[in-house]
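Participant: sequence first, predicted model second:
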Amino acid sequence: MTPFPTERPRRLRSTWALRAAFAETRLHPANLIAPLFLKAGIDAPVPIASMPGVVQHTRDSARKEARALAGLGVSGVLLFGVPARKDPLGTEAHSPTGVIQQAIRAIKDEVSDEMAVIADLCLCEYTDHGHCGLLAGDEVDNDSTIEVYGQIACSQAQAGADVVAPSGMMDGQVKAIRAALDDSGFEHTPILSYAVKYASSFYGPFRDAAEGAPRFGDRRSHQQDPANYREALREAQLDIGEGADALMVKPALGYLDIVRAVKDHFNYPVATYSVSGEYSMIKAAAANGWLDERAAVLEALTSMRRAGADLIVTYSARSAAEWLS
Ligand code: PBG
């Protein structure tokens, strides 16, 4: 008899049925959230050149897309508004008749309780200067900005949003939003905080989709340095203290160590946002025949689940849900 170790890990990998049975991580349409862009004043969806397959929706096309996503078992939609008018204060962000408030009502009316309607909460799509808050000189002013975030949260909750998701990375934003919601009778509206958001070059294509590129400067005064790990845990800790119900880590692929760390340290629900650049990289490579889109997308999403993400915001939500069903 040849001497051989008793361990043969290949046994459990030897057939597809065994691999499936022993998979440690499952990916299900219910793990997915689809971002949708709503643009005011258009009468047909507008394709986004840098994100093949993604469009700026009309209210009607968004409603139909939400219906299809709900049918596939996708858990939620994350809504971004692109208003017809922008001003220095981003007034449209909290108008009762704003593009996002109308979209929330229309989609909620369509899907009722089948799917969560999550409202992205930031000012960069609404300000004419493209910054995430009110300016004092050339700087984003933290404390006046979070007051406005509170107003936006209330208008989104009033319109019927199931969840608000602040993405501006202002200090104290979760506390200000929680207080404003509670004062207005929305104590049951949860906050999904973009607790950990890096100043990433992978947001490039999103800025075409949301038309929210800063006119000058960048977002490094408030978004995190990709070099930092401890800072991410501190941000998550602060947001939990301020009343966040769930935490988001963004981007996803380059930051799966952070997803795992946040999950292990706090044991809170964790979402990760697979951002526009992650989507467009795979799309571009697939268009050139360099990657198999389906295999690459499902592998990336499975890795995010393995890292500890309960929910994944992804522009591939609809395709992935179709592939999984
Ligand atoms: C800002 C916001 C950004 C994204 C989501 N919300 C861009 C930014 O911070 O500049 C990026 C998402 C993506 O790239 O898919 N409110």
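Facilitator: Structure's in. What do you need?
Participant: ok, which stretches of the stretch 101-250 of the chain are strands?
Facilitator: 116-121, 135-136, 139-140, 163-166, 192-197, 246-250 (DSSP state E, counting those that start in this stretch).
Participant: the helix or strand bottoming out on mean pLDDT in the chain vs the ligand: in contact?
Facilitator: Within the chain, no helix or strand scores below helix 204-210, which has a mean of 91 by mean pLDDT, DSSP states H and E. Yes - remark: helix 204-210 sits within contact range of the ligand at Phe206, by CB under 6 Å from any ligand atom. Quick note: C-beta positions are derived from backbone N, CA and C, even for glycine.
Participant: who in the stretch 101-250 of the chain is up against the ligand?
Facilitator: Asp120, Cys122, Cys124, Ser167, Tyr203, Phe206, Arg219.
Participant: for the third one, which non-adjacent residue is spatially closest?
Facilitator: Sequence neighbours aside, Gly212 is the residue nearest to Cys124 in space, at 3.9 Å (criterion: CB to CB, 6 or more residues apart in numbering).
Participant: check the fifth one too.
Facilitator: Ranked by CB to CB, 6+ apart and with sequence neighbours excluded, the top spatial neighbour of Tyr203 is Val275, at 5.7 Å.
Participant: burial count for that neighbour?
Facilitator: 26 (other CB atoms under 10 Å).
Participant: residues in contact with it?
Facilitator: Contact partners of Val275, counting by CB atoms under 8 Å, 6 or more residues apart in numbering, are Ser200, Phe202, Tyr203, Phe206, Lys250, Pro251, Ala252.
Participant: any idea how far it lies from Pro3?
Facilitator: Val275 is 51 Å from Pro3, where distance means CB to CB, to the nearest Å.
Participant: just Ala296 next, same as before
Facilitator: Using CB to CB, Ala296 is found at 41 Å from Pro3.
Participant: before we move on, the earlier item: buried members of the residues of the stretch 101-250 of the chain next to the ligand into PyMOL, please.
Facilitator: Buried members of those, defined by 16 or more other CB atoms under 10 Å, are picked up in PyMOL with:
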select buried, resi 120+122+124+167+203+206+219
